[in-house]
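Asker: I need the structure of the sequence given here:
(2 chains)
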Amino acid sequence: MNDKNEKWIKDIRNRMEDYSEPLPVGLWENIENEISRPKVIPMWKRWQAVAAAAVVVIAVSTLSLLYWSSDDVLKDTNISVANNELSGTDNIELYNTPLTASAEPSTANISKENVYDVMSKPSINQDKIYKSDDKQLEEKDVLPISEELQTVNKDTENEDSEEQTLDDSQSSKKKRINMMQADRETVRRNASYLAMSGKKSSGNNMQIGIVTGNVPYSSSNSFSGMSRLSVSQRTFSHVNNILVGDVSDVTASNSQMLFNNLGKETYTDVKHHIPVTVGANVKWNLNSKWALETGLNYTYLYSELRSGAISYVDDKQKLHYVGIPLKVQRSIWNNSIFSFYASAGGMMEKCVSGSVESVYSDGNVETEKINIKPLQFSVLASLGIQADFNKYLGIYLEPGMAYYFDDNSEVLTIRKDKPFNFNIQVGLRFGLNK
Amino acid sequence: MQYFCFVIVLYKNNNPDMTEEELALKCADADQYARKRLYEVYGGQLLAICLRYIGDRVSAQDVFHDGIIKIFQSISQFKFLGEGSLKAWLSRVMVNEALGFLRKKNLQMQQETLVEQLPDTQIDDDGDVNDIPKKELMRMIRELPEGYRTVFNLFVFEEKSHKEIASMLGISEHTSSSQFYRAKTLLMKKINEYRKSL
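Answerer: Residues are numbered from 1 along each chain as shown, chains lettered A, B, ... in the order given. Reported below is the predicted structural model:
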């Protein structure tokens, strides 16, 4: 009984000890993230940080440079619209001060609202003034102000008999001065906004930009059996070569590897690293809503493969693509700083250079050029948000999705592994002024 | 104007056949490739251990996840003592993780009373388990009531004595052996049922 018992326990143990459960998908990625975060920052993250820092530095320096220079433009040049407006503002101020000053003694008990009414009038008229000629404003536009002021004053005299405010005339004077200052500020701000928007509509129908885009993830998978990243005719031609008798080192290691793995359960592990895209682009604003964007992109794809069982081969594949995107943009909403837009289009990419380096487990290394003839086409759609620092410079962020068509080549890339994916593009746009 | 930033990922290693010892050392060295390899080679078995102890798949995966992280954190403490010692060590870490989980859970729920339906008939036929598919056997073990299952696992797979189990779980030696007996009887019943259903 006891022996039987022992045997039964042993049987169960032996049977179940090596039992293995299929590993859940994606769990490794989680674990990998968690364990690698505090200890080592992977190289690409460091690079990204450097790139991001560079972008920020460039953005800030350009920004400050442009602010300095644009200030000079405002002060120095006579043709600048902003300058006209500033002088216009000065005129208004000159007129304002004596007007209110004369109004003061006669209506000592003017209430706040009335003062505000009066004071806000010039800033409303301001809009008209900016559009009209500078000289006309002195004669025509200021005149109604003084008229209005007088009528308002009359009104207040009538109405305020009941709501006499017991304000100290000193403090109300102070308030008025404050308000005048605030108003002048508003006027100035309005003027500069107007200057900006005026510029935008006239000169900014073309923008150039630099961009970097990433599919924010890599891809890896494993399967059983042997495979290679770019199966050229190599394997087969080498077999023929052997028959002919021309045996190179690499051929030997290749067949040696295949031989070693004979009858073994082989497996293949492919890792496609995160593609990196950088580029420059040009955007035409067709009208206020629609814009067309094209440019030139460079993309770098890097993949690693390990295949075999006892003997391995490690492939490292590097591909360089140059692509031309063409996108249509539709503005959704914008204000003076932010703009949202949707964009859709396609991209045509050509592999300009590529290589694969194979390291066999016996130490032989083989490097081979890859030539991908067919073009890689893709379609993409994205939503963008752009923040304009000033009229010359904006930064934008474009999350989107892309679908890469199969180029029917023999080369295994992340585009084949994950044809549909999400990506994010970050870039700067420079406004071109005529 | 263009900005080029290349992704440079260096995988140093790449000696094709890593021995257990090498694998452990590289993992201790935070080598990503070695870590992944370790996960791929042993992960399935370790997950099976979790499942065997915990029964419920979702919790088992959580425990597995925590256990793997614990393994990578403490793998520098692993001492290589010959072929198979890595697996033994990994299993031990995972078992401890699972036991810790069960302990916490039991504290919350108060030890469930074990008035399970016991088979009234003695089953003398120590059925041969070797023809039962592993997957089915796993299911049966998972379906055991938790208290039985823990004792059963420790006794059968960790080869602990009832005395050791008793001190580990804070129960009496007698409870441990009687729980094991019940677990065994219940499992045999399940095996017989399975045979009949074929």
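
Asker: how would you label A:Ala381: helix, strand or coil?
Answerer: The three-state label given to A:Ala381 by DSSP: H, G, I helix; E, B strand; the rest coil is strand.

Asker: Is it bridged to anything, and to what?
Answerer: Taking DSSP bridges, one obtains A:Ala344, A:Met401 as the residues bridged to A:Ala381.

Asker: Test my guess that it contacts A:Met401.
Answerer: Yes - in terms of Cβ atoms under 8 Å, A:Ala381 counts as a neighbour of A:Met401; the distance is 6.0 Å. (Glycine included, C-beta is placed from N, CA and C.)

Asker: which residues does whichever residue of chain B sits closest to chain A contact?
Answerer: The nearest approach of chain B to chain A comes at B:Gly44, 3.1 Å away (Cβ to the nearest Cβ). Shown here is B:Gly44, whose contacts under the criterion Cβ atoms under 8 Å, 6 or more residues apart in numbering or on different chains are A:20-23.

Asker: 10 Å instead?
Answerer: A:18-23 (Cβ atoms under 10 Å, 6 or more residues apart in numbering or on different chains).

Asker: Same question for B:Phe157.
Answerer: Listed by Cβ under 10 Å, 6+ apart, the contact set of B:Phe157 reads A:9, A:12-13, A:16-17, B:49, B:52-53, B:91, B:95, B:141.

Asker: Sticking with the residue most central in space within chain B, tell me its helix or strand.
Answerer: In chain B, the residue lying closest to the centroid (Cα atoms, centre = their mean) is B:Ile49, at 2.0 Å. With elements taken from DSSP states H and E, the one containing B:Ile49 is helix B:32-54.

Asker: Next, the buried residues of whichever helix or strand comes after that helix.
Answerer: The helix or strand immediately downstream of helix B:32-54 is helix B:57-74, counting by DSSP H and E. Buried positions in helix B:57-74, judged by neighbour count with 16 or more other Cβ atoms under 10 Å in any protein chain shown: B:59-61, B:63-68, B:71-72.

Asker: of all those, which comes closest to A:Ile337?
Answerer: Nearest to A:Ile337, judged by Cβ to Cβ, of the buried residues of helix B:57-74 is B:His65 at 43.9 Å.

Asker: ok, back up a step: the residue nearest to the centre of chain B and B:Ile68 touch, don't they?
Answerer: No - in this structure, B:Ile49 sits apart from B:Ile68 without contact. The criterion is Cβ atoms under 10 Å, and the distance is 11.8 Å.

Asker: Identify the contacts common to the two.
Answerer: Both B:Ile49 and B:Ile68 are in contact with B:90, B:93-94, B:97, where contact means Cβ under 10 Å, 6+ apart.

Asker: residue ranges of the strands in chain A, please?
Answerer: A:206-214, A:219-224, A:267-272, A:276-285, A:290-308, A:312-334, A:338-360, A:365-369, A:376-388, A:393-404, A:420-431 (DSSP state E).

Asker: avg pLDDT for the first one?
Answerer: So the one you mean is strand A:206-214. Confidence over strand A:206-214, taken as the mean pLDDT, stands at 70.

Asker: Burial check on whichever residue of the stretch 101-250 of chain A sits closest to chain B, number of neighbours?
Answerer: Across the stretch 101-250 of chain A, the shortest distance to chain B (Cβ to the nearest Cβ) belongs to A:Ile210, at 5.4 Å. Each residue near A:Ile210 was counted by other Cβ atoms under 10 Å in any protein chain shown, and the total is 19.

Asker: how near is it to A:Lys327?
Answerer: To A:Lys327, A:Ile210 is 15 Å away according to Cβ to Cβ, to the nearest Å.

Asker: So A:Asn297 is in contact with A:Ile324, correct?
Answerer: Yes - applying Cβ under 10 Å as the test, A:Asn297 and A:Ile324 come out as touching, 7.3 Å apart.

Asker: Those two: which has the busier surroundings?
Answerer: Set side by side, A:Asn297 and A:Ile324 give different neighbour counts by other Cβ under 10 Å, the larger being at A:Asn297 (21 against 15).

Asker: pLDDT value on the residue of the stretch 1-150 of chain A found nearest chain B, please?
Answerer: Residue of the stretch 1-150 of chain A nearest chain B, by Cβ to the nearest Cβ: A:Ser20 (3.1 Å). At A:Ser20 the predicted local confidence, pLDDT, stands at 85.

Asker: residues in contact with it?
Answerer: B:41-49, B:134.

Asker: which among these gets closest to A:Val426?
Answerer: Of all the contacts of A:Ser20, B:Gly43 has the smallest distance to A:Val426: 36.2 Å, by Cβ to Cβ.

Asker: Can you report how many residues neighbour the closest one?
Answerer: Neighbour number of B:Gly43 under other Cβ under 10 Å is 22.

Asker: Quick check: closest non-adjacent residue to it.
Answerer: In space, B:Gly43 comes closest to A:Leu23 once its chain neighbours are excluded; the distance is 4.9 Å by Cβ to Cβ, 6 or more residues apart in numbering or on different chains.

Asker: got it, and B:Tyr148?
Answerer: Using Cβ to Cβ, 6+ apart and skipping residues adjacent in sequence, the residue nearest B:Tyr148 is B:Ala183, 3.6 Å away.

Asker: which secondary structure element contains the one you found?
Answerer: B:Ala183 is part of helix B:173-197, with elements assigned from DSSP H and E.

Asker: Remind me what that helix packs against, helices and strands.
Answerer: Secondary-structure packing of helix B:173-197 (3 or more Cβ pairs under 10 Å, 6 or more residues apart in numbering or on different chains; DSSP states H and E): helix A:2-17, helix B:134-143, helix B:146-156, helix B:162-169.

Asker: ok, and for the last one, which residues are buried?
Answerer: So that's helix B:162-169. Residues of helix B:162-169 classed as buried under the neighbour-count rule (16+ other Cβ under 10 Å) are B:162, B:165-166, B:168-169.
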